[in-house]
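Asker: just need the structure, nothing else, for what follows:
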Amino acid sequence: MEPRKTVARSIKERLANIVSYGTHRITNAVAEGINSKIMSIKRWVGGFRNIGNFQIATFFHCGGLDLLYPRSSRMAPNTSR
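Answerer: The predicted structure follows:
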């Protein structure tokens, strides 16, 4: 009987979140995925000397940049001909 009481307590504590999901169909899965990626970047690099470098690395890895085909406004082909 105790496991059922534990489940009932958990549902009671989280009832607002359960109803919110049923109403809006929105979760924080995307945010958790991004956070996981950022934490793996943090472990992979072994630390930064300043927060700016960490932000740049995070934006670089989470931004979906393609290093094989860099595009800038100066190098873009002229397609208005």
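
Asker: and Phe60, how far from Val45?
Answerer: 11 Å (Cβ to Cβ, to the nearest Å). From N, CA and C alone the C-beta is placed, and that goes for glycine too.

Asker: and what of Asn53?
Answerer: Asn53 sits 9 Å away from Val45, going by Cβ to Cβ.

Asker: now do the helices in the protein.
Answerer: Here the chain has its helices, by DSSP state H, at 2-13, 15-24, 29-45, 51-62.

Asker: mind telling me which of those helices the model trusts least?
Answerer: Of all the helices of the chain, mean pLDDT reaches its minimum on helix 51-62 (a mean of 82).

Asker: hmm, who's touching that helix?
Answerer: Applying Cβ atoms under 8 Å, 6 or more residues apart in numbering, the external contacts of helix 51-62 come out as Ile34, Lys37, Ile38, Ile41, Lys42, Val45, Phe48.

Asker: could you single out the nearest of these to Pro3?
Answerer: Pro3 lies nearest to Ile34 out of the contacts of helix 51-62, by Cβ to Cβ, at 34.3 Å.

Asker: spit out the contact partners of the closest one.
Answerer: Cys62.

Asker: now for the nearest residue to Phe48 once chain neighbours are set aside, how many residues are close by?
Answerer: Distance criterion Cβ to Cβ, 6 or more residues apart in numbering; nearest residue to Phe48, sequence neighbours excluded, is Phe54 at 4.3 Å. The tally of other residues near Phe54 (other Cβ atoms under 10 Å) stands at 16.

Asker: same deal with Asn50?
Answerer: Neighbours of Asn50 (other Cβ under 10 Å): 7.

Asker: again, but for His61
Answerer: 15.

Asker: from Gly46, how far off is it?
Answerer: When His61 is compared with Gly46 (using Cβ to Cβ), they lie 15 Å apart.

Asker: got it, and Ser20?
Answerer: As for Ser20, its distance to Gly46 is 39 Å (criterion: Cβ to Cβ).

Asker: and for Ala57?
Answerer: 11 Å.

Asker: great, nothing more from me.
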